[in-house]
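[1] coords please:
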Amino acid sequence: MPGTPQPGHPVRGSTTGRPIMALFDLVGRRWTLRIIWELDRAGGPLTFRELRASCGDLSSSVLTRRLHELTGARIVERAGGGYVLTATGNGLVGSLEPLLDWAQAWSRELRSTEDREGPPHALSQE
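    Here you go, the predicted model:
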């Protein structure tokens with residue numbers, strides 16, 4: 001199993017060790033952003049079972065792996081009988097808010113284009 005992506009070390013897709021590449025590797029892993037999202041929404045500790053249920057019952061092995069990675073990256077910690085975001089994790093969520101705004105504007109733009117032109121067409125094979 002690959003270790004937790006860390007700045008200064010090669011990560012999936014990059015050998016540079018650049019912090020942004022380590023972040024992209026970490027948050028690009030299956031279920032990672034959903035776990036962060038659910039912990040942010042909860043506003044308090046979530047037990048393993050509560051977190052698993054809030055994520056649509058993802059497998060316990062994947063949740064265990066992701067929590068291990070996120071605690072290793074100091075984005076999540078155990079507290080109050082469950083898991084919570086650390087100050088670093090809360091900072092990450094705050095940093096993602098402009099992307100949420102961008103994604104919502106992008107969605108509106110695509111819907112507007114589809115309303116005018118219809119849904120996108122598959123590429124024709126000639």
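
[2] in this structure, where's the longest helix?
    Longest helix in the chain, counting residues (DSSP state H): helix 87-117.

[3] what packs against that helix?
    Counting contacts by 3 or more CB pairs under 8 Å, 6 or more residues apart in numbering; DSSP states H and E, helix 87-117 is packed against helix 32-42. Where C-beta positions appear, they are placed from N, C-alpha and C, glycine not excepted.

[4] got the CA positions of the helix it packs on in CSV?
    Taking Å, rounded to 0.1, in the frame of the first residue of the first chain, the C-alpha atoms of helix 32-42 are listed here in CSV:
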residue,chain,number,x,y,z
THR,A,32,-11.1,11.3,0.3
LEU,A,33,-13.0,14.5,-0.6
ARG,A,34,-16.3,13.0,0.5
ILE,A,35,-14.8,12.1,3.9
ILE,A,36,-13.5,15.6,4.3
TRP,A,37,-16.9,17.0,3.2
GLU,A,38,-18.9,14.9,5.6
LEU,A,39,-16.6,15.8,8.5
ASP,A,40,-16.9,19.5,7.7
ARG,A,41,-20.7,19.2,7.4
ALA,A,42,-21.0,17.3,10.7
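
[5] angle of that helix against helix 87-117?
    Angle, helix 32-42 to helix 87-117, by axes from the mean of the first three to the mean of the last three CA atoms, to 10 degrees: 110 degrees.
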